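A.B. asks: quick one, fold the following:
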Amino acid sequence: MKKILVLVVFYFVTGFVFAQKTLLIEKIGTSRKYFYHAGDYMKLRVSRQDTLLKGKLWSVHDSVISISELRPFDVRIKDIGSVYKQFSFPKKFGKYMAIGSMVLFTVIAANHLINNEQVFTPDMFILSGSLLGAGIISLSLSEKRCKTSRRWKIKVLNVNVN
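C.D. replies: The predicted model follows:
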């Protein structure tokens, strides 16, 4: 019985000692929550210096986070003006649509050159332009600004949330 009690106490103590802190950005009154851990990519705007920071989240402390790609830059949580949530699928889709637009444009132009036709035709611009427009719209929807004010709050959790 004593061994089981010692093992249970040891399990809980090590769980709290080695727990990774989690940065939570939530919208008050809704169920929208975004979690960030050390090593996640993050983009945020610091309100006092009016600086845009992009990079990996190096560490999360009670009132300070460290973020950067090369060298960590400490930011107080109270100084964060807005956090930009990145969505990977619309970003990849937008890039592929823009690349597809350029490829389609060059293939149609090469086809017209080979067949001794007029190189630039309206159908060429309609097809490649529509793909490019879809890519630009998708890229613009790949990022959401969460402005920290009354609605969006930033919290530090002492538990590891996946």
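
A.B. asks: for the residue nearest in space to the middle of the chain, list each beta-bridge partner.
C.D. replies: Closest to where the C-alpha atoms of the chain average out (Cα atoms, centre = their mean) is Q86, at 2.6 Å. According to DSSP bridges, the partner residues bridging Q86 are E143.

A.B. asks: for the longest helix anywhere in the chain, name the packing helices and strands.
C.D. replies: Ranked by residue count, the top helix of the chain under DSSP state H comes out as helix 88-114. For helix 88-114, the packing partners by 3 or more Cβ pairs under 8 Å, 6 or more residues apart in numbering; DSSP states H and E come out as helix 122-140. For glycine as for every other residue, the C-beta is placed from the backbone atoms N, C-alpha and C.

A.B. asks: now do the helix it packs on against helix 88-114, angle only.
C.D. replies: 160 degrees (axes from the mean of the first three to the mean of the last three Cα atoms, to 10 degrees).

A.B. asks: now for helix 122-140, which elements pack on it?
C.D. replies: If you count contacts as 3+ Cβ pairs under 8 Å, 6+ apart, helix 122-140 packs onto helix 88-114.

A.B. asks: list the buried ones in the strand ranked longest in the chain?
C.D. replies: When the chain is parsed with DSSP state E, its longest strand is strand 51-60. Buried residues in strand 51-60, defined by neighbour count with 16 or more other Cβ atoms under 10 Å: L53, G55, L57, W58, V60.

A.B. asks: now what about it, what contacts it?
C.D. replies: Outside strand 51-60, the residues that touch it by Cβ atoms under 8 Å, 6 or more residues apart in numbering are 20-23, 36-46, 65-69, 72-73, 75, 156.

A.B. asks: ok, 7 Å please
C.D. replies: Contacts with strand 51-60, where a contact means Cβ atoms under 7 Å, 6 or more residues apart in numbering, come from 21-23, 36, 38-46, 65-69, 72-73, 75, 156.

A.B. asks: just the buried subset of the residues you listed, please.
C.D. replies: Applying 16+ other Cβ under 10 Å to the contacts of strand 51-60 flags 21-23, 36, 42-46, 65-67, 75 as buried.
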